[in-house]
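In: Kindly generate the corresponding structure for this input.
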Amino acid sequence: MTIPLSVAATPVSIRLDELPSHQWATVLDVVRSADAEGQELALRLTEIGFVPGEAVRIVASGLPGREPLAVRLGHTTFALRRHEAALIHVAPGVPEGARHG
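Out: Numbers count the residues shown, from 1 in each chain. The predicted model follows:
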């Protein structure tokens with residue numbers, strides 16, 4: 001049975017705030033909301049390096065279900081609030097050739 005390439009190549013997308021701790025993932029997109037504040041936040045996340053193809057993982061979080069999330073991107077660790085991490089869509093796993101530290 002042959003699976004169409006478009007179906008086989010489509011990665012599973014989850015929000016970064018849903019990613020289990022210490023599991024690598026690949027950034028797919030940063031969601032831009034309709035309001036100006038959401039657009040500015042998405043732009044800031046993109047400017048600091050949350051761009052498609054980057055490897056990312058959650059290295060720590062506050063008490064269970066709490067903030068902030070310590071997120072590793074390359075050689076830098078960022079503290080993100082859950083609503084910020086929810087704007088970043090990722091695919092679990094890191095494909096060969098992805099950039100990670």
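
In: Where in the protein is the helix or strand with the lowest mean pLDDT?
Out: Among the helical and strand segments of the chain, the one scoring lowest on mean pLDDT, DSSP states H and E is helix 5-8, with a mean of 48.

In: hmm, who's touching the longest helix seen in the chain?
Out: Ranked by number of residues, the top helix in the chain under DSSP state H is helix 36-47. Contacting residues not belonging to helix 36-47 are listed as 30-33, 84, 87-88 [CB atoms under 8 Å, 6 or more residues apart in numbering]. Quick note: C-beta positions are derived from backbone N, CA and C, even for glycine.

In: coming back round to it: neighbouring strands - and their directions - for the following helix or strand past the least confident helix or strand of the chain?
Out: Per DSSP states H and E, helix 5-8 leads on to strand 14-15 as the next helix or strand towards the C-terminus. Each strand pairing with strand 14-15, determined using DSSP bridges, is listed with its direction: strand 88-92 (antiparallel).

In: can you give me the angle the partner strand makes with helix 36-47?
Out: When axes from the mean of the first three to the mean of the last three CA atoms, to 10 degrees is applied, the directions of strand 88-92 and helix 36-47 differ by 40 degrees.

In: distance between strand 88-92 and the chain's centre?
Out: Using CA atoms, centre = their mean, to the nearest Å, the mean C-alpha position of strand 88-92 is found 4 Å from that of the whole chain.

In: could you dump that strand to CSV, C-alpha only?
Out: As requested, C-alpha coordinates have been extracted for strand 88-92 and formatted as CSV (Å, rounded to 0.1, in the frame of the first residue of the first chain):
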residue,chain,number,x,y,z
ILE,A,88,4.4,28.0,19.3
HIS,A,89,3.4,24.9,17.2
VAL,A,90,5.9,22.1,17.2
ALA,A,91,6.3,18.5,15.9
PRO,A,92,7.6,16.1,18.5
